[in-house]
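Just to be clear, the model below is a prediction. Sequence and coordinates:
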Amino acid sequence: MLSQKTFISKLNTDYFCRMSGIYIHIPFCSTKCHYCNFLSTVSLKYRKEVFEAIGKEIAMRKNYLGQKPIETIYFGGGTPSLLSKDELKTLLKRIFDHFEVVSGAEITLEANPDDVNRKISEDWLDIGINRLSIGTQAFNDDILRKLNRRHRADQSLQAVQFAFESGFRNMSIDLIYGIPGLTNSMWEAEIEVAANLPVSHISAYHLTVEAGTALENLIRRKKYPNLSEEAGVEQFEILMDKLESVGYEHYEISNFAQNGLYSKHNRSYWQNKPYLGIGPSAHSYDLEKREWNTSNLRTYFEAIDSGERDFESEVLSKTDFYNEFIMLGLRTSEGVDLKELEKRFADFKADFETKAEKYFQRGQMVFCEGSYRLSRSGKFFADAIAADFFQ
């Protein structure tokens, strides 16, 4: 069994770890969606201070990733599309000034549909953003109101069209299923609309009740019906059938892509690449430990302004690495590679294979091309199955 030090050293020399990504968290929104548990606020009280602190943190942490080139930059939130062209340009310049960014790096901006028009799309392209992730969520106004989304369905269609006409050829949209009141026929119609848009990537998520959200509070007070797992399973199967029939590859549990246009940034998480998170609540990973910034906006910018950071961290054990290796592998179409499992986690291999046999018998797992993968019927239960393998 490798020592922790030797294991980390080996991990750092693996080929897939030679590139890195940067995530920028913009914690402001115009409205708060009922289901959202990400750090975001509708108050713009500290907007200027947080923006300036993000710029300073980029410079402060220029050595965090060592000399690894940056292949992806991702503006998430919150609602990054609330930032002006000049603000986004300033943050990108700061990144390029302090990091080696590879030519053709994927630079993604999350955008709300009602923030997108032809002029701003052209501005985004002009400053170097080359991929949009548009938070459509649904194409039915009644469903959008249930989710407390601020945009209308027609604005989602317009947003995609504006961006396409402006020159964007790498776009993703989000969809949510498992919503009370969303019938299977309505869901089929949603997917059909999405599949006819000029987008290369679709992320689809089952509505989840997260602690502390407005949705949890509404369900607890019986103002909103409980979610149905059975309905979720049916709609997940419809999703796979519909998108695969029109050429989308189901490359990760919640993600579908055409023409190999995967989300390089999110894919780097699943491939265990290091990344730097900038902004309040943002997480970072250097192949040895994880760090996460404070989620208190005032504490965040005051600490950065004084030349410090307010953050927590944890050093990962070999068991932690194993658990994540299993979880991330089972979420992807590549699965858990047997040779990699034997090479890195030989002492856990027998236990893994014993548990895997149970899922083979249930038809929820297969062994294909040297990898353990979830079958079609196992994919909806990916998180629960992965958790059963954890040490």
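Good, I have the coordinates.

partners of Tyr23 in the sheet?
Here Tyr23 sits in beta bridges with Tyr74, Gly277, as judged by DSSP bridges.

what number of residues lie near it?
Tyr23: 21 surrounding residues under other CB atoms under 10 Å. Where C-beta positions appear, they are placed from N, C-alpha and C, glycine not excepted.

Show the contacting residues for it.
74, 76, 265, 275-278, 282-283 (CB atoms under 8 Å, 6 or more residues apart in numbering).

In TSV, list these along with distance to Val315 and pLDDT.
Converted to TSV, the contacts of Tyr23 look like this (distance: CB to CB, whole Å; pLDDT from 0 to 100):
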residue	distance to Val315	pLDDT
Tyr74	25	98
Gly76	26	94
His265	25	96
Tyr275	17	97
Leu276	17	98
Gly277	17	97
Ile278	21	98
Ala282	19	96
His283	15	96
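
now, which of those residues sits nearest Ala231?
Minimum distance to Ala231 across the contacts of Tyr23 is 28.7 Å, recorded for Gly76 (CB to CB).

Report pLDDT for the closest residue to the closest one other than its chain neighbours.
Distances taken as CB to CB, 6 or more residues apart in numbering put Glu110 closest to Gly76, at 5.2 Å, once the chain neighbours are dropped. If you check Glu110, the pLDDT there is 96.

buried set for the lengthiest strand in the chain?
Secondary structure of the chain read by DSSP state E shows that its longest strand is strand 101-111. Neighbour counts over strand 101-111 (16 or more other CB atoms under 10 Å) mark 101, 105-111 as buried.

Mind putting the residues you listed into CSV with distance to Ile176?
Listed next are the buried residues of strand 101-111 as CSV, based on distance: CB to CB, whole Å:
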residue, distance to Ile176
Val101, 33
Ala105, 29
Glu106, 24
Ile107, 25
Thr108, 20
Leu109, 20
Glu110, 15
Ala111, 17
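
ok, of these, which one's closest to Ser228?
For these, the nearest to Ser228 is Glu110 (28.7 Å; CB to CB).

Who are the contact partners of that closest one?
74-77, 79-81, 133-135.

do that again at 6 Å, thanks
76, 80, 133 (CB atoms under 6 Å, 6 or more residues apart in numbering).

hmm, who's touching the helix or strand the first one falls within?
When secondary structure is defined by DSSP states H and E, Gly76 falls within strand 70-77. With contact meaning CB under 6 Å, 6+ apart, strand 70-77 is reached by 19-26, 99, 101-102, 105-110, 264-265.

still on that earlier bit, go through the buried residues of strand 101-111 and say which is closest to Tyr177.
Looking across the buried residues of strand 101-111 and measuring by CB to CB, the closest to Tyr177 is Glu110, at 19.8 Å.

Tyr64 reaches Leu276, doesn't it?
Yes - using CB atoms under 6 Å, Tyr64 is in contact with Leu276, at 5.2 Å.

Next one, pLDDT for the closest residue to Ser333 other than its chain neighbours please.
Distances taken as CB to CB, 6+ apart place Tyr251 nearest to Ser333, at 4.7 Å, with adjacent residues excluded. Note for Tyr251: predicted pLDDT of 97.

Tell me the gap between the helix or strand encompassing Tyr251 and the middle of its chain.
If you go by DSSP H and E, Tyr251 is part of strand 249-252. Centroid separation between strand 249-252 and its chain, computed with CA atoms, centre = their mean, to the nearest Å, is 14 Å.

Now do the longest strand of the chain against strand 70-77, angle only.
Between strand 101-111 and strand 70-77, the angle comes out at 20 degrees (axes from the mean of the first three to the mean of the last three CA atoms, to 10 degrees).

circling back to that earlier point, save the contacts of Glu110 as JSON lines, and put in distance to Ile385 and neighbour count too.
Putting the contacts of Glu110 into JSON lines (distance: CB to CB, whole Å; neighbours: other CB atoms under 10 Å) gives the following:
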{"residue": "Gly76", "distance to Ile385": "27", "neighbour count": "20"}
{"residue": "Pro80", "distance to Ile385": "33", "neighbour count": "25"}
{"residue": "Ser133", "distance to Ile385": "27", "neighbour count": "25"}
